[in-house]
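> okay, sequence plus prediction incoming.
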Amino acid sequence: MSGRNNVVVRGLKGVALPIGGIIVLLLLFSLLAPSFFQPNTAVTILRESSALLVVAIGMTFVVLMGSIDLSVGATVTLAGLVSATVAKDGSWVVAILAGIAVGVIVGLANGIIFAYAKVPSFLTTLGMSLVVGGIGLWFVGGRPVQVFNLDFTNISQGRFLFGLPNIALWAILLWLIISYVGAKTRFGRYTFAIGGAEVVSGLAGIPIRRMKLWVLVLSGVMAAIAGVLLASRIGAATPGMGDRLTLDSIAAVVIGGTALTGGVGGVHRTILGVLVITTLSVGLNTMGVAPYLQDIIQGAVVILAVALTLDRSKLTVIK
C-alpha cells in the first residue's frame, strides 16, 4: 500500500506543481503588466503554444521510452519550408501531405539508425538535425518562402469555432487523440513498459525495436505537422524557424511530469508544461522585456521547474 501511495503522491505532485506555476505566473504578470489580464491574452497564449504543444506530443512518447529526439526543430523547419514551397504554386492539400512526408522520412531514418543500427538516440537525432537543417537551407537557398495561398493560410489563421484560432483547435484535437492513444492503446502501454524496464519488456514479448522505430516516426510526424501549422500561421517559412522548439519541447515534457528516465508521465500532462513555458514567454513580451533578458529568465525558470518536478526516485546515478 505504501508503494501505491507513493506513486499517487508523485503523480499529484507532477500535476500540482505545473498548475501552481501557471497560476503564479498569471498573478505575477497581472500585477506587473495590467494589460496582460484580458481575454485577448488567453487567445494569444493558445495561439503561441499550439506549435510547441504539437511537437511536445511526439517528444513525450520518445522521453517516455527513455530516449530523446534532438531533430524535431530541424524537422519543423524543413516541413514548413517544403509545405510553403508547394502551397505557393500548388494545392494546399498536396502542401500538407508533402510537409507530413518530411516527418515520416526523418522519423524512419531516425528509427532505423536508432533501433536497428543501435546508435544511441542522442547521437542519432543530433546528427540528423544537422543533416535535415542543411537540406532545408539547400532547398530554399537560405531564403524565406512567402505564401499567399488563402486556403493554406486559413488552416491556422482562420477561426472556425468559438473565435479561437484554427491552429489552437488543431493542436488541442491532436492532444486529445494522442492522449487517448497513450493511455488506452497497446502502443501507449508498450511505450511505458519500455521506458520502465526495457529488458523485462523484451522478455515479455514486446517488440522493442519495432516500437522504437514507430515512436520516432510519430515524433517526426508531429514535428512536421507543427511545421505545416507554423508556416500556415505566419504565411511564410524561414530557415531556422523551428530551432527553438527542440529544447522548449523537451522542457515542456519534463515540466509536465514525464520523467527523463522514462516510464512515468504521459501526453495528458505535457500540455501543462507547454502552458508554463508559453505563459512565461507571453508575459515577458507583454512587459516589454528585452529578448536577451527573456532568454536568461526563461532558462532559469526551466531549470527551476525541472528541478522541482523531476522524479529523483528513479535516478540512481546523476551523469
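Ah, there it is. Nothing here was measured: the structure is a model prediction, and the numbers come from that model.

> and the most centrally placed residue in the chain, how close does it get to residue 74?
Centroid-nearest residue in the chain, with C-alpha atoms, centre = their mean: residue 56, separated by 1.8 Å. Residue 56 sits 16 Å away from residue 74, going by C-beta to C-beta, to the nearest Å. The C-beta positions use only the backbone N, C-alpha and C, and glycine is treated the same way.

> and residue 275, by the same measure?
Residue 275 is 25 Å from residue 74, by C-beta to C-beta.

> what's the answer for residue 201, then?
Using C-beta to C-beta, we find residue 201 at a distance of 30 Å from residue 74.

> for those two, indicate the residue with more neighbours.
Using other C-beta atoms under 10 Å, the more surrounded residue of residue 201 and residue 74 is residue 74, with 27 against 20.

> how much space between the more buried one and residue 106?
Per C-beta to C-beta, residue 74 is found 8 Å from residue 106.

> can you list residues touching both of these two?
Taking C-beta atoms under 8 Å, 6 or more residues apart in numbering as the contact rule, residue 74 and residue 106 both touch 128, 132.

> give me the pLDDT value at the residue nearest to the centre of the chain.
You'll see residue 56 listed with a pLDDT of 96.

> in the strand or helix carrying it, what counts as buried?
For residue 56, the host element (DSSP states H and E) is helix 39-64. For helix 39-64, the neighbour count (16 or more other C-beta atoms under 10 Å) marks 41, 44-64 as buried.

> could you give the mean pLDDT of the helix or strand following that helix?
Later in the chain than helix 39-64, the nearest helix or strand by DSSP H and E is helix 72-89. Mean pLDDT, helix 72-89: 95.

> show residues contacting the host helix or strand of residue 155.
Assessed by DSSP H and E, residue 155 sits inside helix 150-157. Residues from elsewhere that reach helix 150-157, judged by C-beta under 8 Å, 6+ apart: 50, 83-84, 87, 92, 95-96, 147, 165-167, 170, 228-230, 232-233, 235.

> CA atoms of the helix or strand hosting residue 190 as PDB?
Per DSSP H and E: residue 190 is located in helix 186-196. Taking C-alpha atoms only, helix 186-196 is exported to PDB below (Å, rounded to 0.1, in the frame of the first residue of the first chain):
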ATOM      1  CA  ARG A 186      -1.300  -1.100 -26.800                       C
ATOM      2  CA  PHE A 187       1.100   1.400 -28.400                       C
ATOM      3  CA  GLY A 188       0.900   3.600 -25.300                       C
ATOM      4  CA  ARG A 189       1.300   0.700 -22.800                       C
ATOM      5  CA  TYR A 190       4.300  -0.700 -24.700                       C
ATOM      6  CA  THR A 191       6.000   2.700 -24.700                       C
ATOM      7  CA  PHE A 192       5.500   3.000 -20.900                       C
ATOM      8  CA  ALA A 193       6.800  -0.600 -20.400                       C
ATOM      9  CA  ILE A 194       9.900   0.000 -22.500                       C
ATOM     10  CA  GLY A 195      10.700   3.200 -20.600                       C
ATOM     11  CA  GLY A 196      10.100   1.500 -17.200                       C
END
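
> which helices and strands does that helix pack with?
Counting contacts by 3 or more C-beta pairs under 8 Å, 6 or more residues apart in numbering; DSSP states H and E, helix 186-196 is packed against helix 39-64, helix 166-184, helix 198-203, helix 208-234.

> can you pull the contacts of the residue nearest to the centre of the chain?
248-249, 252-253, 256, 270, 273-274.

> and if you look at residue 138?
Listed by C-beta under 8 Å, 6+ apart, residue 138 has no contact partners.

> likewise residue 121?
Counted by C-beta under 8 Å, 6+ apart, residue 121 has contacts 62, 67-69, 110, 114, 216.
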